Each structure stands twice: as C-alpha cells, then as structure tokens.
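**Q** Sharing a sequence plus its predicted fold:
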Amino acid sequence: MRGVWTTDRVRAAEQRAFTRVPESRLMRAAAFAVAGEVAALLAERTGGVAGRRVALLVGAGNNGGDALWAGAFLRRRGVAVTAVLLAPERAHAEGLAALRRAGGRVGTELVEADVVVDGIVGLSARGPLRPDAAALVERVSAPIVAVDLPSGADPDTGAIEGPAVHAEVTVTFGGRKPVHVVGPGAIASGWVRVVDIGLGAELGEPDAVLLDRAEVARAWPVPGPTDDKYSQGVTGVAAGSATYPGAAVLASGAAVLATSGLVRYAGTAAEVVRTRWPESVATGSVTDAGRVQSWVVGPGLGTGKAGRGVVAEVLGAGVPVCVDADAITLLAADPALWDARDPDTPVVLTPHDREFARIAGEVGSDRIGATRQAARTLGAVVLLKGNSTVVAAPDGRVLVNQARSAWPATAGSGDVLSGLIGALLASGMDPWLAAGCAAHVHELAAEIAADGAPAPASHIVDAIPAAIRSVRAS
Ligand SMILES: NC(=O)C1=CN([C@@H]2O[C@H](COP(=O)(O)OP(=O)(O)OC[C@H]3O[C@@H](n4cnc5c(N)ncnc54)[C@H](OP(=O)(O)O)[C@@H]3O)[C@@H](O)[C@H]2O)[C@@H](O)CC1
Ligand SMILES: Nc1ncnc2c1ncn2[C@@H]1O[C@H](COP(=O)(O)OP(=O)(O)O)[C@@H](O)[C@H]1O
Ligand SMILES: [K+]
C-alpha cells in the first residue's frame, strides 16, 4: 500500500530528518529530482534539453527554494532559466545565489518558456492563491512541473478556490499528501512522482493508503481445490422495483461475475434477473431467499414502505450488508431503522455526495476528513463515490481509489459497484478492504468497457471478468 500523509505529519518527519541531515541537503535532493522531471518533460515536448527555456515561479518559502535550486541544476544541462520572484526580498537566499552562480536570470515578469516550474507555495499554503500569485498563474500557457504540490490547491484536502496551477507533473517528497489523491487538487497535480529524499523512514503510519493492484489481486477471492459454491459465499441482492428492474439486473450481474459463489436475488424483478442471470436463484422476497453470507440492499429499491421493510429485514439478518442508493435515503429519513440494527452487523454504506449529505451532512471540501468522521459516527464502513473514491472504516482506516478515467460516471454504474462489494463481503473479506478492492475493479471494468467511447453500466458489468483477469495478471 502506498501511503498518504497530512502536512503536520510531514512537518514532524521533516524535523526528525533534520537531526540527521542538514535542511539544505534535503532541499538539494528535492530540487535535483525536480530538475530531472523538468528535463524529461522538455525532452518529451521539444525533443531536447540544452538550449530550451524554463521559467521558475518562485514564492517566499522553501518551495521557491526548491525551484531555484532546480533552476541551478538545469543550467548545468544548458537550459536557459529565468526565475520570476513573487517576493524578491524574501526569496530563498541560497537557492537564488546558486541560480545566479549557474548563470540563471532573475526578474519579476513572466517570460516565454517551454516548461514552467511552480515553486510558488508548497506545504505552507493556506487559502486561495494571493492576487499576485493568481495573476501570474493565469498567464502561464506552457506545461508546468509543480514542486511538491500544485499551488492554489489545499495541501490537506485538495480543495481549490480560485486560480490554481494545473500541472503535467508534480514532484513530491517522502510521500503523497491528500492534495495528490483527492479533490480537484488530485486532478491539478497531474502525474505524481514521489521522491524519497530521506524522509520516508521518518513518516510513520500513513493517514490514508492507496491500494496497489497487486494487493487487490492478492485479496480477490478465487476458488480453491476444496471450495464449492457455498463455501465461497452466497450473496443476497435485494434491489430493483417495478419502476427500476434494471438496477436489480446490474447489481446481481456484478455479484455473479465477481466471485464463483452463488447469488440469490430477492425482489420484484426476480423474473428479469433470472432471465438475464440464469445461474442466480431469484425469489420474490428476502424472507423466501434462503441463507446468504451478505446482502446488497438499495439499488432501484424505491423509498416507499415496501423498501423500508426490505432494509429493516436485511439489517436484521446478521450478515454483512452493503447499503446503497435508496436504502441510504431510507436510513437517512428514518434513523430508527438504523438504530434498530444489530451494531455487530458489518455495514458498508456507498453514498454519492447527495446521499452522503442525507446521512452525514454536507461533504464539504475535506473529503477524507468527512468520510472518516461519518464512518466513526455511523459505526460503518463508508465509501464516498467520486473521481477519487474514499473508503473509511469506523476504526479510522482510510483508503483512496483514484480513478484513471471518468468512464464510471454513468447511470447505473453505482449499482454495479454495490454488487461487487456484496460478493466480496459474502466471501468473508474485511469490509473496508472489500469496498476498496471493489472500487478498484469497478473503475478498471469501466475503463475496459469504454475503451475510448462511452459505455453504459451493463457493459461495465460485462467487463468485470476482463478487469479481474487484468488485476490478477499484474
Ligand atoms: N517536507 C520536506 O521535507 C521538505 C520540504 N521542502 C520544501 O519546502 C516546502 C515548504 O516550504 P515552507 O514551509 O518554507 O513554505 P512554502 O510552502 O514554500 O510557502 C511559502 C510562503 O508562501 C506564502 N503563502 C501561503 N499561502 C499562500 C497562498 N495561498 N498564496 C500565496 N502565497 C502563500 C506564505 O507566505 P507568508 O504568509 O509568510 O507571506 C508562505 O510562507 C515544501 O512544500 C517543499 O517544497 C524541500 O525543500 C525539502 C524537504
Ligand atoms: N468523475 C468521475 N470519475 C470517475 N468515477 C466517477 C466519477 N463520478 C462518479 N464516478 C463513479 O461512478 C459511480 C457512480 O455511482 P452512482 O452515483 O451511484 O450512480 P448510479 O446511481 O447511476 O448507479 C461511482 O462508482 C463513482 O465513484
Ligand atoms: K508548488
């Protein structure tokens, strides 16, 4: 798992590192890595490095110092470097001297450049960019390499208010920060390269993690020699209604394809589910469904009395439950339903922002913080949907799944996700990990289904085997 650390944790690690290594050495190591990425981008975009032009946007702190030192390293490779100082009297003195020694130019106006280095502000960024910095950023048209993070984005939330740098590449130090993985800042970061300049060992336990594909592969349940359809977990799907039978088909299909266990469908769409997924066992009600090891409840269920009864029954069944869509709305409208559940029943709630607002209040700009808080308060795993999906457990664990594309953003796609989660819960997987692995495969299936053109949710279901195959081949 790759870690994500908040700025206060990075600051603490920095202080510990300074007892071993002087600050200036850490800065030069950081700057050297930035220079390497700038050179690579120059080569990619212009076919060379020597003779190309780089502009440095330099703020008042060490982020600007990194940029100035990177400029000095680039001068050694024959690059024409001009530093634009936002606060000339406060620019990092050593970095400025190094750039000048190396033959770099220094000014206050933006010049034409092949690549721009963003050293306006880093870990100390607070609030939207100040007007002078914002005006400078808005004039840049060349590709940008951001030092540590894209200026204008909040380091700890990825929130952006007002103008901000949109980088091709961000070079960050020690480990990722929240800005690199959630919110608009994650998109503004571009491709993120993490360089361990000696901080890594000091960082300690991360505040959040990103699942690697290999970890998803290891966790994904596949049948062993002694398995049968029951031992792999039976998934119950309580979804769909006369108005929305499609949701039942999508959620059941995802569960059918996710593992080799059995799927039992319970609801008014039994006929259509049986026809589309003949391997499932479809009945009209949860009471008649038989034994299951997990339930998925909510997609297309409706928010009426019948739906409420289904949610109540499923929450009382004593097995892990994935609560999605209409079931979330029902729980929000009727807290007694939630309070009546057995608190030992593991629950995964999968809201999008509007559903989240109903059960836990507005998400706000801190998506990780809001999800973690909701998981603690509700005593359930909460999966907050979006371009970056955030999954928090009641014990404080948080993982983030960053989508590589926005293809999952299509009608019915959430129903597919809930079916995947249900199947993994039935296999006995830890609910937090199950939600994370499902989000990973869901998003990959959407990308495979789309293959460059919009694909509906039913095609995402069809691509689940290819996604699992691809994960397992990693
Ligand atoms: N972690 C590590 O191990 C290492 C860290 N290193 C580097 O140090 C960086 C952190 O440096 P830092 O602490 O000196 O501050 P930094 O982010 O440059 O801010 C500078 C000044 O910006 C200002 N400012 C604030 N908000 C603003 C806004 N919205 N819009 C405009 N301006 C704003 C504010 O100025 P003030 O309020 O004082 O006027 C602030 O003092 C870190 O990101 C990394 O690049 C590496 O060198 C090596 C190892
Ligand atoms: N911009 C986006 N980029 C990537 N994935 C997205 C984006 N927006 C939404 N998603 C994903 O698409 C799915 C949408 O689910 P949901 O909103 O429940 O849709 P529906 O109710 O139509 O099934 C979620 O898995 C969510 O994380
Ligand atoms: K920056």
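**A** Good, I have the coordinates. Ligands and ions are numbered 1, 2, ... in the order given.
**Q** Which positions in this structure make contact with ligand 3?
**A** 118, 146-147, 151 (C-beta under 5 Å from the ion). All C-beta spots, glycine's among them, are computed from the backbone N, C-alpha and C.
**Q** if you set the cut-off to 8 Å instead, what comes out?
**A** Within the chain, the positions near ligand 3 by C-beta under 8 Å from the ion are 59, 63, 67, 118-122, 125, 146-151, 165, 170.
**Q** Those residues in strands, which ones?
**A** 118-119, 146-147, 170 (DSSP state E).
**Q** Which of those sits closest to ligand 1?
**A** Nearest to ligand 1 among these is Val147, at 5.0 Å by C-beta to the nearest ligand atom.
**Q** give me every residue that touches the closest one.
**A** Neighbouring residues of Val147 by C-beta atoms under 8 Å, 6 or more residues apart in numbering: 30, 34, 63, 66-67, 70, 117-119, 122, 170-171.
**Q** does it have beta-bridge partners, and which?
**A** For Val147, the beta-bridge partners are Val171 (DSSP bridges).
**Q** pretty sure His442 contacts Pro408?
**A** Yes. Between His442 and Pro408 there is a contact at 6.4 Å, judged by C-beta atoms under 8 Å.
**Q** Could you check which of those two has the larger neighbour count?
**A** His442 (30 against 26; other C-beta atoms under 10 Å).
**Q** how about that one, what does it touch?
**A** Under the criterion of C-beta under 8 Å, 6+ apart, the neighbours of His442 are 408, 413, 416-417, 420, 460, 467.
**Q** Looking at the protein, what residue ends up closest to ligand 2?
**A** Nearest residue of the chain to ligand 2: Gly414, at 2.0 Å (C-beta to the nearest ligand atom).
**Q** That residue falls within a helix, correct?
**A** Yes. Counting by DSSP: H, G, I helix; E, B strand; the rest coil, Gly414 is part of a helix.
**Q** Report pLDDT for it.
**A** Here, the pLDDT recorded for Gly414 equals 98.
**Q** can you check Phe18 too?
**A** 87.
**Q** Count the residues that sit near the residue of the chain at minimum distance from ligand 1.
**A** Using C-beta to the nearest ligand atom, the closest approach of the chain to ligand 1 is made by Gly122 at 1.9 Å. Gly122 has 27 neighbours, counted by other C-beta under 10 Å.
**Q** so how far is Ala133 from the nearest residue to it once chain neighbours are set aside?
**A** Take Gly122 and drop its neighbours on the chain: the residue closest to it by C-beta to C-beta, 6 or more residues apart in numbering is Asn63, 3.2 Å away. Look at Asn63 and Ala133: by C-beta to C-beta, to the nearest Å, they are 11 Å apart.
**Q** which neighbours do those two share?
**A** Residues touching both Asn63 and Ala133 by C-beta under 8 Å, 6+ apart: 120-121, 151.
**Q** Any of the contacts of His442 buried? List them.
**A** Neighbour-count burial (16 or more other C-beta atoms under 10 Å) applied to the contacts of His442 gives 408, 413, 416-417, 420, 460, 467.
**Q** Tell me which two in these are the farthest apart.
**A** Largest separation among those by C-beta to C-beta: Ser413 and Ala467, giving 13.2 Å.
**Q** Using CSV, list the CA coordinates for stretch 235-242.
**A** Extracted in CSV, the C-alpha atoms of stretch 235-242 (Å, rounded to 0.1, in the frame of the first residue of the first chain):
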residue,chain,number,x,y,z
THR,A,235,-24.5,-13.0,-2.0
GLY,A,236,-28.1,-11.8,-1.5
VAL,A,237,-29.3,-8.9,-3.6
ALA,A,238,-32.3,-7.0,-2.5
ALA,A,239,-32.7,-4.4,-5.2
GLY,A,240,-34.9,-3.2,-8.0
SER,A,241,-38.6,-2.5,-8.2
ALA,A,242,-41.4,-2.4,-10.8
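**Q** Read off the pLDDT value for the residue of the chain closest to ligand 1.
**A** In this model, Gly122 is scored at 98, pLDDT.
**Q** Spit out the contact partners of it.
**A** 61-63, 66, 147-149, 151, 155.
**Q** ok, back up a step: which residues are common contacts for His442 and Pro408?
**A** Overlap of the contact sets of His442 and Pro408 (by C-beta under 8 Å, 6+ apart) consists of Ile460.
**Q** Now the residue lying closest to Asp148 once chain neighbours are set aside. Its backbone dihedrals?
**A** Once flanking residues are discounted, Asp148 sits nearest to Gly122: 3.9 Å by C-beta to C-beta, 6+ apart. Gly122 has phi and psi values of phi -130, psi -120 when expressed as degrees, to the nearest 10.
**Q** cool, the one 3 residues further on as well?
**A** Here is the backbone geometry of Ala125 (degrees, to the nearest 10): phi -60, psi 130.
**Q** what number of residues lie near the residue nearest to Gly122?
**A** Number of residues near Asn63 (other C-beta under 10 Å) recorded here: 25.
**Q** my guess is it contacts Gly95, does it?
**A** No. With contacts counted by C-beta under 8 Å, Asn63 stays clear of Gly95, the gap being 10.4 Å.
**Q** For Gln15, give me the pLDDT.
**A** For Gln15, the pLDDT comes out at 90.
**Q** what are the C-alpha coordinates of the longest helix along the chain, in PDB please?
**A** Of all the segments of type helix in the chain, defined by DSSP state H, the longest one is helix 23-46. What follows is helix 23-46, C-alpha atoms only, in PDB (Å, rounded to 0.1, in the frame of the first residue of the first chain):
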ATOM      1  CA  GLU A  23      18.000  21.000   5.600                       C
ATOM      2  CA  SER A  24      20.000  22.300   2.700                       C
ATOM      3  CA  ARG A  25      20.900  18.800   1.600                       C
ATOM      4  CA  LEU A  26      17.300  17.700   1.700                       C
ATOM      5  CA  MET A  27      16.400  20.700  -0.400                       C
ATOM      6  CA  ARG A  28      19.100  20.000  -3.000                       C
ATOM      7  CA  ALA A  29      18.000  16.400  -3.200                       C
ATOM      8  CA  ALA A  30      14.400  17.500  -3.700                       C
ATOM      9  CA  ALA A  31      15.500  20.100  -6.300                       C
ATOM     10  CA  PHE A  32      17.600  17.600  -8.200                       C
ATOM     11  CA  ALA A  33      14.600  15.400  -8.600                       C
ATOM     12  CA  VAL A  34      12.500  18.300  -9.800                       C
ATOM     13  CA  ALA A  35      15.200  19.200 -12.400                       C
ATOM     14  CA  GLY A  36      15.100  15.600 -13.600                       C
ATOM     15  CA  GLU A  37      11.400  15.800 -14.300                       C
ATOM     16  CA  VAL A  38      11.700  19.100 -16.000                       C
ATOM     17  CA  ALA A  39      14.400  17.800 -18.200                       C
ATOM     18  CA  ALA A  40      12.300  14.700 -19.100                       C
ATOM     19  CA  LEU A  41       9.300  16.900 -19.900                       C
ATOM     20  CA  LEU A  42      11.400  19.300 -22.000                       C
ATOM     21  CA  ALA A  43      12.800  16.300 -23.900                       C
ATOM     22  CA  GLU A  44       9.300  14.900 -24.400                       C
ATOM     23  CA  ARG A  45       7.800  18.100 -25.600                       C
ATOM     24  CA  THR A  46      10.600  19.700 -27.500                       C
END
